[in-house]
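Asker: sequence first, predicted coordinates after that:
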Amino acid sequence: MRMYALGSNSCGKLGIGTEEDSNQPVLVQGLPEGVIQLVASGGNHTVVLINGVLYGCGADDCGQLGGMGNCVVFRRVPFDIADQIVYVSCGWEDTLVSCKSGKVYISTNIGFECVGKVDSIKKTASCMKHHLILSHCSRLYHYGNGKVIGSNSEKSSVTEIAQHIVDIAAGRSFYVTIGKNGVLEISQHGRVPKEVMNVPSIGDVSHLQATWSAVFVESNNKIVSWGKNVLDQLFPNDESVEQFSVGSSHGLCIINNQCYAWGWNEHGNCGNNEKQTNGLHLISVSNPKAVFAGAAASFILAD
Amino acid sequence: MSFYDEIEIEDMTYDPDLQIFTYPCPCGDKFQITLWDLADGEDTAVCPSCSLMIQVIFEPEYIAEKTQAIAVAV
């Protein structure tokens, strides 16, 4: 499996050997052969879980790569804990690593610090300074900036905040959940954009995701999106997609075995020179299998 | 001139050494505005790496407190 990257390359977060932006997909450097299980990225760093091992590139000035140092190609992240990594997600300047034991770790300048233990971890979602952890027992936990859960303090350990939750997504200053009853709910605390609060009437939803200021779900094989659209970051049409991913202000999807991008494109992350794309724009990569969108950065996995 | 977003000053990060307020930009860099620009009534924070700008929402008293503290220290 190969991984291509394009877009904003601040601090070398694309892992292509330079800090120059690219508006064309470039093969990343430093990853071993294997199955790429997860890609996650923050403002200026990217991590990849491959064969159960964590690799990273970009900025490490805040310890987002566990103290391994800034790097413009992928290198093994010093996660020296005898536990199987099951999920990884990134805040703006940190990395949350969840393990099979249920232990949750946050990156620091000197490795990874355990910030709590929950039952078996299904998924995590992170944005800016807050992190959500969803367990297989449908319990939802929070770590980080307390404002999104109505607290003025920083949470230094994992705290349970809800039950009966089956899916989660994290926006910049809010989060979204889907309950066992199928109901989608927006968090009520902190600064939730009014455009996000205005949930459209939709039926059964799946594949919940969020950007900084917008929410995306799949419903009846179409992407439904709502929220702020100042940079055309909402999904532009009714096409059925095989997979999609949304970054800070743009998105990527796969339709009929082709990769497309939409939204803000000032750094070439949609694969061309235009500042904003008009509708979906084709990114030329053969056999795309999965896409991941970050902070004006695009990552495409291909066979 | 259109703003990417409106951000409350309490949500920005203040660096007392550089006397600058910052907030993450979706490109990865940070919107920036100096304490002294805010004291002059300027409210546009710009990103050095792209064209996006945010409007900073603040009370003049919030800024005056910081500038007065510096004046006392000096």
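Answerer: On my side now, so go ahead. Residues are numbered from 1 along each chain as shown, chains lettered A, B, ... in the order given.
Asker: which parts of the stretch 201-303 of chain A are strands?
Answerer: Secondary structure of the stretch 201-303 of chain A (DSSP state E, counting those that start in this stretch): strands at A:206-210, A:214-219, A:222-227, A:243-246, A:250-255, A:258-263, A:281-283, A:288-293, A:297-302.
Asker: out of those, the one nearest chain B is which?
Answerer: strand A:297-302 (7.4 Å; C-beta to the nearest C-beta). For every residue, glycine as well, the C-beta is placed using N, CA and C.
Asker: helices or strands next to the closest one in the packing?
Answerer: strand A:2-7, strand A:36-41, strand A:250-255, strand A:288-293 (3 or more C-beta pairs under 8 Å, 6 or more residues apart in numbering or on different chains; DSSP states H and E).
Asker: tell me the residues of chain B that contact chain A?
Answerer: B:2, B:4-5, B:8, B:11, B:24, B:26-29, B:49-52 (C-beta under 8 Å from any C-beta of the partner chain).
Asker: now do the phi/psi pair for the residue lying closest to B:Phe3 once chain neighbours are set aside.
Answerer: Among residues not flanking B:Phe3 along the chain, B:Gln55 sits closest, at 4.4 Å (C-beta to C-beta, 6 or more residues apart in numbering or on different chains). Reported as degrees, to the nearest 10, the phi and psi values for B:Gln55 are phi -100, psi 130.
Asker: and A:Cys114, that's in a strand?
Answerer: Yes. Assessed with DSSP: H, G, I helix; E, B strand; the rest coil, A:Cys114 lies in a strand.
Asker: quick check: it touching A:Lys103?
Answerer: Yes. Using C-beta atoms under 8 Å, A:Cys114 is in contact with A:Lys103, at 5.4 Å.
Asker: how about low-confidence regions in chain B?
Answerer: Where chain B drops to pLDDT under 70, the residues are B:1, B:74.
Asker: now the helices for it?
Answerer: Ranges of helices in chain B, per DSSP state H, are B:35-39, B:60-73.
Asker: list the buried residues for the last one?
Answerer: Translated: helix B:60-73. B:Ile63, B:Lys66 (16 or more other C-beta atoms under 10 Å in any protein chain shown).
Asker: can you pull out the strands in chain B?
Answerer: B:5-8, B:13-15, B:20-24, B:30-34, B:44-46, B:53-57 (DSSP state E).
Asker: mind checking which of those is nearest A:Glu274?
Answerer: A:Glu274 lies closest, by C-beta to C-beta, to one member of the strands of chain B: strand B:53-57, at 19.5 Å.
Asker: what parts of the stretch 201-303 of chain A come near chain B?
Answerer: That would be A:212-213, A:228, A:230-231, A:247-249, A:264, A:266-267, A:275, A:295-297, which are the residues of the stretch 201-303 of chain A within reach of chain B (C-beta under 8 Å from any C-beta).
Asker: before we move on, what about the stretch 51-200 of chain A?
Answerer: A:Trp92, A:Met128, A:Ser173, A:Arg191.
Asker: so who does the third one touch?
Answerer: The neighbours of A:Ser173, taking C-beta atoms under 8 Å, 6 or more residues apart in numbering or on different chains as the test, are A:Met128, A:Lys147, A:Val148, A:Gly190, A:Arg191, A:Val192, A:Pro193, B:Asp11.
Asker: among those residues, show me the least confident.
Answerer: For the contacts of A:Ser173, the minimum pLDDT belongs to A:Gly190; the value there is 86.
Asker: still on that earlier bit, now render the helices and strands packed on strand A:297-302 as JSON lines, adding mean pLDDT and distance to A:Leu49.
Answerer: Output for these, formatted as JSON lines (pLDDT from 0 to 100; distance: least, C-beta to C-beta, whole Å):
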{"stretch": "strand A:2-7", "mean pLDDT": "98", "distance to A:Leu49": "12"}
{"stretch": "strand A:36-41", "mean pLDDT": "97", "distance to A:Leu49": "4"}
{"stretch": "strand A:250-255", "mean pLDDT": "97", "distance to A:Leu49": "19"}
{"stretch": "strand A:288-293", "mean pLDDT": "98", "distance to A:Leu49": "12"}
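Asker: would CSV of these with distance to A:Val199 be doable?
Answerer: Converted to CSV, the helices and strands packed on strand A:297-302 look like this (distance: least, C-beta to C-beta, whole Å):
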stretch, distance to A:Val199
strand A:2-7, 30
strand A:36-41, 26
strand A:250-255, 19
strand A:288-293, 22
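Asker: show me where chain A has helices.
Answerer: Going by DSSP H, chain A shows helices at A:194-197.
Asker: biggest strand in it, by residue count?
Answerer: strand A:154-162.
Asker: list the helices and strands that strand packs on?
Answerer: In terms of contacts (3+ C-beta pairs under 8 Å, 6+ apart), strand A:154-162 is packed against strand A:111-117, strand A:140-145.
Asker: buried residues in stretch A:32-52, which are they?
Answerer: Quick answer for stretch A:32-52 (16+ other C-beta under 10 Å): A:36, A:38-50.
Asker: so which residue is dead centre in chain A?
Answerer: A:Ala40 (5.1 Å; C-alpha atoms, centre = their mean).
Asker: beta partners for that residue?
Answerer: On the basis of DSSP bridges, A:Ala40 is bridged to A:Val47.
Asker: list the contacts for A:Val115?
Answerer: So A:Val115 contacts A:Val104, A:Tyr105, A:Ile106, A:Tyr143, A:Ser156, A:Ser157, A:Val158 (C-beta under 8 Å, 6+ apart).
Asker: cutoff 6 Å now
Answerer: Applying C-beta atoms under 6 Å, 6 or more residues apart in numbering or on different chains, we find A:Val115 in contact with A:Val104, A:Ile106, A:Tyr143, A:Ser157, A:Val158.
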